[in-house]
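In: what follows is a predicted structure for the sequence shown.
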Amino acid sequence: MPSLFTGLLRRDRIEGPLMFLATAALFIAAWETSSRMGWLPPYLVPSPSKIAEKFAATFGTMAGHAWLTAAEIAAGFLLATAGAVVLAALIVFFKPVERAVYPWLVILQVIPKVALGPLLIIWLGFSFFPKVLMAFLLAFFPIMIDTIIGLRSIETNSIYLLRSMGAGRLGIFRYLQLPNALPHLFGSLKVAITLAVVGALVGEFIGANEGLGYVLVSANGSLDTELLFVSLVWISAQAMVFYGLVVAAEKVCVSWHVSHRGTLGRPGH
Amino acid sequence: MPSLFTGLLRRDRIEGPLMFLATAALFIAAWETSSRMGWLPPYLVPSPSKIAEKFAATFGTMAGHAWLTAAEIAAGFLLATAGAVVLAALIVFFKPVERAVYPWLVILQVIPKVALGPLLIIWLGFSFFPKVLMAFLLAFFPIMIDTIIGLRSIETNSIYLLRSMGAGRLGIFRYLQLPNALPHLFGSLKVAITLAVVGALVGEFIGANEGLGYVLVSANGSLDTELLFVSLVWISAQAMVFYGLVVAAEKVCVSWHVSHRGTLGRPGH
Amino acid sequence: QDKVRVRMDWTTLGYHAPFYYGVAKGIYARHGLDVQVDEGKGSASVAQLAAAGSDDFGFADATTVAQLAGRGLPAKVVMGVLRATTVALFYADGRGIKTPADMRGRSVSLCPSDAISVYQPAYFKSLGIAPGDVKNLSVDCSIKYAVVAQGKADAVMTYATAGKPLLQKVGIANPGLFRAGPDFYLPSHGIVAADSLIKAKPDLIRRFVAATAQAWTEAMKDPDGAVAATVAARPLLKGQEQTLKDTFVAALDYVDTPATKGKPFGWQSPDDWQKALGILREYAGLNKDLKPEAVYTNDFIAAP
Amino acid sequence: MDESQARNDALRAAAPAAIVIDGVARQFNSRGQSVTALDNVNLQIGDGEFVSFLGPSGCGKSTLFMIVAGLLAPSRGEVRIAGRRVDRPVTDIGIVFQQDLLVDWRTVLENVLLQAEVRRLPLAPARERARQLLQQVGLAGFENRRPWELSGGMRQRAAICRALLHDARILMMDEPFGALDALTRDQMNLDLQALWSQTRRTAILVTHSISEAIFLSDRVVVMSPRPGRVILDLRIDLPRPRTIEMRDSAEFVAYQKQLRGMIGAH
Amino acid sequence: MDESQARNDALRAAAPAAIVIDGVARQFNSRGQSVTALDNVNLQIGDGEFVSFLGPSGCGKSTLFMIVAGLLAPSRGEVRIAGRRVDRPVTDIGIVFQQDLLVDWRTVLENVLLQAEVRRLPLAPARERARQLLQQVGLAGFENRRPWELSGGMRQRAAICRALLHDARILMMDEPFGALDALTRDQMNLDLQALWSQTRRTAILVTHSISEAIFLSDRVVVMSPRPGRVILDLRIDLPRPRTIEMRDSAEFVAYQKQLRGMIGAH
Ligand SMILES: Nc1ncnc2c1ncn2[C@@H]1O[C@H](COP(=O)(O)OP(=O)(O)OP(=O)(O)O)[C@@H](O)[C@H]1O
Ligand SMILES: Nc1ncnc2c1ncn2[C@@H]1O[C@H](COP(=O)(O)OP(=O)(O)OP(=O)(O)O)[C@@H](O)[C@H]1O
Ligand SMILES: [Mg+2]
Ligand SMILES: [Mg+2]
């Protein structure tokens, strides 16, 4: 019954967004009501309708800010992906790299980036670069950790097979470890893209004259809660788009993996 | 030659920390020199010796603050681990949960927590709890994502085996999916513990009268760079301890996994 | 025309309006200056950026500049703008607070990343409040007013220039203010410039100071025009005109101290500074050997 | 054929079939292409009967195996066990898959005991029995090793122990002895026959060894190349217990020849 | 024994051995316990010779296999190939492991082509040859399927194609036909013999099938149970090319009996 089957599949695809939209509508309705009833003071949380008004009024300007922030996120994320995969490979291949570098990475990871911020401003100024750096710093670690595990999770005999084919470390990496690590790499990319968003924003918090993070901070400073929530809407929407892109890339790259076959525990009955 | 072999192993174990200490010593020496030569103005970065002095002078008070922050981190991290694993299991087992909950989780993940913080403080007060919640919020997502992938990365036939044994979803989870996911779960725990640290600190930034995060902000506000760096030292040290604990737990729990056998690409030659 | 960059202490606030006004009205241009007004993220980094030469001038908290100068920052205050003390305690009305003595047992919200919290003990002392009499609530700067509105605190330590309109914005209709006692003085905002700039381009500084004085004097007479110029430069502030105007007007009370009355705009009183350095030494660990000349100068103030 | 054997056969013929495979077909679709693995398989297996399946690689033996175990849904037709339609995994079963499916986080003994843990059987006697089974298949001394420390054949033997740990009414094995040498295999065949004779479970065995199929089975079913259909259902009338020597007997060789011819013909 | 065979043998005896296994032993240590998998194995394999290994499950065949391929270091002794000590993976080799080791992210054809890609062989002719090999082993039509869509035996066949894609001087196979039915297995044996006769590579085969070993080999080596030692090194003097029918010949049956006796004796 292929027609019924594809029919079901399609219903599945549509139902996902519908479900979300339904819960979202409910949530917003409850929020609007609370605002109108005065349970949510406007200086804390404005009503959705006010936010929508403000959203429409500021659309053009905000789109410009969003564009800049998107560029920062994309640059930081891509650099982090490339850097983390390369470093993970070095760590897996060369023990000394791990010993010398790893503790520093952990320290770098746990030092609150906001505390680094002022130094970054002084050294790097208000330019594009420090925001990219922040997005990079936040996104880097999860990718590296998951890639390391992914690269190491390889059956010894598969490596032997490649070695018998004359593959060196690079060959093993390219033909075996990297594709094998992809499913888990994508898991970390999903985490990393959200952190790259946060990173770019934190970078803008620390010092910027434009971008969504800047808008957020200045709305905060002038207690303009409506603008603040408009910027949160933009930020969330933007992050969802980025997240969706990563998920789409994942679908393309690791459709072969068992986690994507959708047969889990469903023996056809 | 087992004695030579274990000897090498032991050297390996000692060399790791040594390598780090050596690079650390070098780094600190370079820093101290730069400070003394005036390349690093004290109004930006104090010298290591000054930091050490301040560290010694404030040890008692700082230990108290560190203790509190540690409790927040631990509570947030443990709650996040439990919550994320349970939610991951629900998502893997029940498609509707995924559809309804997932987009919200992504939104929650990307909204800058600093923006949520004020609301949390106002609703939840200045207690221990909002900091725990922050640590929880930051740590939750990576654990969930990796656990979902881990739970799904299971060979169909292994599930069939368990079903033939009469296992239900819970049995498959307990006997198959969870242990199978452990190596990747621990990967995410390593990321999550560092984020829990950041979360507790952000919680303290937003509203607290004690804790390392509070010390950090007030040192920042009063331009006391020495105290600021002392608090950074405490934060890093604390995070390293937590990270070490996770790594130790990983060693115990997933020693069986191929990534821990240490045979990668080393065919004995 | 000389290209000049001046950085404000924060994202745009009401008391930044005169700078935008000066640009919009061509006041700076008439002094041969092509000024770009940038926003900043705190007085410390603004002073540091000026000292490093990244910016030409900064509009920063003068006490912060003094503290950094005590640690060797090669920059000083070349012009006082808001010269009166703006450290202030605002309290919510209707909660039985009339005099400083009523503060006993109450909670005060403050934001540790404001420089203010350091001076709080000195400030309270000038009001006759002992440090243990009030409970401090340290919160992020963005919610220090909201916690008062929520009733979690009854008063807030903040800048006198901003406190009233922002408290009104969160619903406290008539906030009261305790001004510091006479023995408590700290200057508020001024223009900071690097020592190297002072040495290299005294004329540029002189012109900038003169133009800024003129911009302020004219803006004070035309608050609506100043706010309009600000919003024109920062379109995101559309809709915030009232708040901007209120905060700007509130700031005008703090332009002068008794000691500067009748002196040219921008002139800083050595007596005032003497008092301020004393407080900084006692409460903020300021370098005891720091000479006033390393902190400020009146060399660039034009004679009346 | 001795008397008891004859009586057994008579009894079995009277009893309703334990497993009925009724018009089962199965297709696999992927990217537009469709592979028909099974095409209309009909078969009845009596209670306590031992049936082996022979057939060329890729003909659908494992597919049929999974369908009978309730792990895969047929595209057409149905399987009934004891009259009930199979529409979920059959659990009163001891099963050996084509892969060993040992898990790395358990020792060999713990892997065998998984059966008991999942079924919540009392652990102490299960452990006793597991040790005994491991000993029997020559894995004594390896109880506390991890699966990756075993050879291919040793892993397979551990998987067999896991399937035999409990008392299941049905025993299903998909090429369980493929990685074993002739001698070990013979021994395992003898052990399996002994076990089966004691308990008379219904048993299904997929194998590539004709002589193993004859040796163990009441009936040998031969399947055609893909799409798999039943092309021969041969009753093996050899007395039980069967011995290794019997393999050189004339009847045995005749069966062997008949089966080989049948398989070769396709 | 025909004449050319005799000449071949003479030539081989004169040539230096291609592979020398010299006093090789191997222990595995884990948690204090130590397993001796191999204990002093000595063997010489001539250039172009086909040698099979028989032995009980767990006796160390795969361990020895890995050591010869340079993938595992011996605890004692050494292996020399063409006079050079093996201290790294041997790469002029086509190898089939006991597991198929197909990767899920490649189709069947791409899995076979992995050999060519890693070795940077020209891809167009390699693809041609891969298709041809897949066709030969009965996998035509499955080139673009993923490994998990294949049956156990089909996977094994794909792995064999991967090992045969290039022209290696040495061919090593660890139970490559374990999951195949008799008929397919016979066909594969014939194909392998033809291939080997054309190219005369040195070949090492681990198998559990005595008749397969005799059918394919110049020499059959029997190993003892763990710790593995060589207990028989039997030269098979049957003319080539060998045919399936030859398996019923008196010599063949005699070899079979001798080997079975040897394996049974331990
Ligand atoms: N999950 C699947 N997806 C697509 N095709 C499949 C799947 N499982 C099996 N097939 C196809 O079904 C056919 C029969 O496979 P099956 O595993 O039943 O064979 P088999 O008889 O067990 O062979 P073998 O003896 O080699 O194990 C094969 O052509 C195979 O490609
Ligand atoms: N990585 C390992 N760690 C520990 N022990 C091992 C390891 N690999 C093999 N062994 C042990 O070495 C012995 C020989 O194993 P090997 O795989 O060589 O057997 P085999 O002859 O190939 O058996 P089979 O025919 O079952 O494949 C076994 O007892 C096994 O437990
Ligand atoms: Mg099969
Ligand atoms: Mg083996």
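Out: Here it is on my side, so go on. Residues are numbered from 1 along each chain as shown, chains lettered A, B, ... in the order given. Ligands and ions are numbered 1, 2, ... in the order given.
In: switch to C-alpha atoms for all contacts and neighbour counts from now on
Out: Noted.
In: just the helices in the stretch 151-266 of chain D please.
Out: Remark: helices assigned in the stretch 151-266 of chain D by DSSP state H, counting those that start in this stretch are D:152-164, D:182-199, D:210-216, D:250-264.
In: where exactly do the strands run in the stretch 51-200 of chain C?
Out: C:57-61, C:75-80, C:87-91, C:107-110, C:135-138, C:155-159, C:176-178, C:189-194 (DSSP state E, counting those that start in this stretch).
In: and ligand 1, which of the ones you listed is closest to it?
Out: For the strands of the stretch 51-200 of chain C, the distance to ligand 1 is smallest for strand C:135-138, at 61.3 Å, taking Cα to the nearest ligand atom.
In: and the contacts of that closest one?
Out: With contacts defined as Cα atoms under 8 Å, 6 or more residues apart in numbering or on different chains, strand C:135-138 is touched by B:207-209, C:105-112, C:153.
In: make a ChimeraX selection of the buried ones in the residues you listed.
Out: Buried residues among the contacts of strand C:135-138 (16 or more other Cα atoms under 10 Å in any protein chain shown), as a ChimeraX selection:
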select /B:207,208,209 /C:107,108,109,110,111,112,153
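In: got CSV for the contacts of strand C:135-138, with pLDDT too?
Out: Shown next, in CSV, are the contacts of strand C:135-138 (pLDDT from 0 to 100):
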residue, pLDDT
B:207, 81
B:208, 81
B:209, 83
C:105, 87
C:106, 90
C:107, 90
C:108, 90
C:109, 89
C:110, 87
C:111, 83
C:112, 78
C:153, 89
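In: got TSV for the contacts of strand C:135-138, with distance to ligand 1 too?
Out: Shown next, in TSV, are the contacts of strand C:135-138 (distance: Cα to the nearest ligand atom, whole Å):
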residue	distance to ligand 1
B:207	56
B:208	57
B:209	60
C:105	74
C:106	72
C:107	68
C:108	68
C:109	65
C:110	65
C:111	62
C:112	63
C:153	66
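In: about what we covered before: please identify the deepest-packed of the helices of the stretch 151-266 of chain D.
Out: Stretch with highest mean neighbour count among those: helix D:152-164 (a mean of 24; mean count of other Cα atoms under 10 Å in any protein chain shown).
In: so is that one next to ligand 2?
Out: Yes: Helix D:152-164 is in contact with ligand 2 by Cα under 6 Å from any ligand atom, via D:152-154.
In: circling back: identify, from the contacts of strand C:135-138, the entry nearest to chain A.
Out: The closest of these to chain A turns out to be residue C:111 (Cα to the nearest Cα; 12.8 Å).
In: mind checking how far the closest one is from ligand 2?
Out: 61 Å (Cα to the nearest ligand atom, to the nearest Å).
In: what is the burial count for residue 202?
Out: Since no chain was named, I'll use chain A. When neighbours are counted by other Cα atoms under 10 Å in any protein chain shown, residue A:202 registers 25.
In: try chain C instead
Out: Neighbours of residue C:202 using other Cα under 10 Å come to 14.
In: again with residue A:186
Out: Using other Cα under 10 Å, residue A:186 has 24 other residues around it.
In: pull the contacting residues for it.
Out: Contact partners of residue A:186, counting by Cα under 8 Å, 6+ apart, are A:246, A:250.
In: downstream neighbour of the one helix or strand it maps to in the secondary structure list?
Out: For residue A:186, the host element (DSSP states H and E) is helix A:178-206. Sequence order places helix A:212-221 as the next helix or strand after helix A:178-206, per DSSP H and E.
In: nearest spatial neighbour of residue A:215, skipping sequence neighbours?
Out: In space, and not counting its chain neighbours, residue A:215 is closest to residue A:231: 6.7 Å by Cα to Cα, 6 or more residues apart in numbering or on different chains.
In: what number of residues lie near whichever residue of chain D sits closest to chain C?
Out: Distances between chain D and chain C by Cα to the nearest Cα are smallest at residue D:105, namely 47.8 Å. If you count neighbours by other Cα under 10 Å, residue D:105 ends up with 19.
In: pretty sure it contacts residue B:257?
Out: Yes: with contact defined as Cα atoms under 8 Å, residue D:105 reaches residue B:257; the gap is 7.2 Å.
In: I'd say residue A:172 and residue A:159 touch.
Out: Yes: at 6.8 Å, residue A:172 counts as touching residue A:159 under the criterion of Cα under 8 Å.
In: quick one: low-confidence parts of the stretch 51-200 of chain A?
Out: Within the stretch 51-200 of chain A, the stretches with pLDDT under 70 are A:114-115, A:117-118.
In: contact residues of it facing chain E?
Out: A:157-158, A:160-167, A:171, A:175, A:179-180 (Cα under 8 Å from any Cα of the partner chain).
In: roughly how far does the residue at minimal distance from the centre of chain A sit from chain C?
Out: Centroid-nearest residue in chain A: residue A:193, 1.6 Å away (criterion: Cα atoms, centre = their mean). Distance of residue A:193 to chain C, given as Cα to the nearest Cα, to the nearest Å: 26 Å.
In: for the residue of the stretch 101-250 of chain C found nearest ligand 1, give me its contacts.
Out: Of all residues in the stretch 101-250 of chain C, residue C:140 sits closest to ligand 1, at 57.1 Å by Cα to the nearest ligand atom. Neighbour list for residue C:140: B:118, B:205-207, C:111-113 [criterion: Cα under 8 Å, 6+ apart].
In: give me the neighbour count for the closest residue in space to it that isn't next to it in sequence.
Out: Leaving aside its chain neighbours, residue C:140 sits nearest to residue B:206 (4.4 Å; criterion: Cα to Cα, 6+ apart). Counted by other Cα under 10 Å, the residues lying close to residue B:206 total 31.
In: hmm, residue C:147 and residue B:206 touching each other?
Out: No: taking contacts as Cα under 8 Å, residue B:206 lies outside contact range of residue C:147: 11.9 Å.
In: which residues do those two both contact?
Out: In contact with both residue B:206 and residue C:147: no residue, using Cα under 8 Å, 6+ apart.
In: please name the bridge partners of residue C:57.
Out: Residue C:57 has these beta-bridge partners by DSSP bridges: residue C:6.
In: list the contacts of it.
Out: Contacts of residue C:57 (Cα under 8 Å, 6+ apart): C:4-7, C:50, C:191-194.
In: export those to JSON lines and append columns for pLDDT.
Out: Converted to JSON lines, these look like this (pLDDT from 0 to 100):
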{"residue": "C:4", "pLDDT": "93"}
{"residue": "C:5", "pLDDT": "93"}
{"residue": "C:6", "pLDDT": "94"}
{"residue": "C:7", "pLDDT": "93"}
{"residue": "C:50", "pLDDT": "91"}
{"residue": "C:191", "pLDDT": "95"}
{"residue": "C:192", "pLDDT": "95"}
{"residue": "C:193", "pLDDT": "95"}
{"residue": "C:194", "pLDDT": "93"}
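In: with those residues in mind, which one is nearest to ligand 2?
Out: residue C:50 (65.5 Å).
In: so how far is residue C:57 from the closest one?
Out: 6 Å (Cα to Cα, to the nearest Å).
In: which residues do the two both contact?
Out: Common neighbours of residue C:50 and residue C:57, counting by Cα under 8 Å, 6+ apart, are C:192-194.
In: switch those over to TSV; also include distance to chain E and neighbour count.
Out: Output for the shared contacts of residue C:50 and residue C:57, formatted as TSV (distance: Cα to the nearest Cα, whole Å; neighbours: other Cα atoms under 10 Å in any protein chain shown):
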residue	distance to chain E	neighbour count
C:192	63	30
C:193	63	29
C:194	62	26
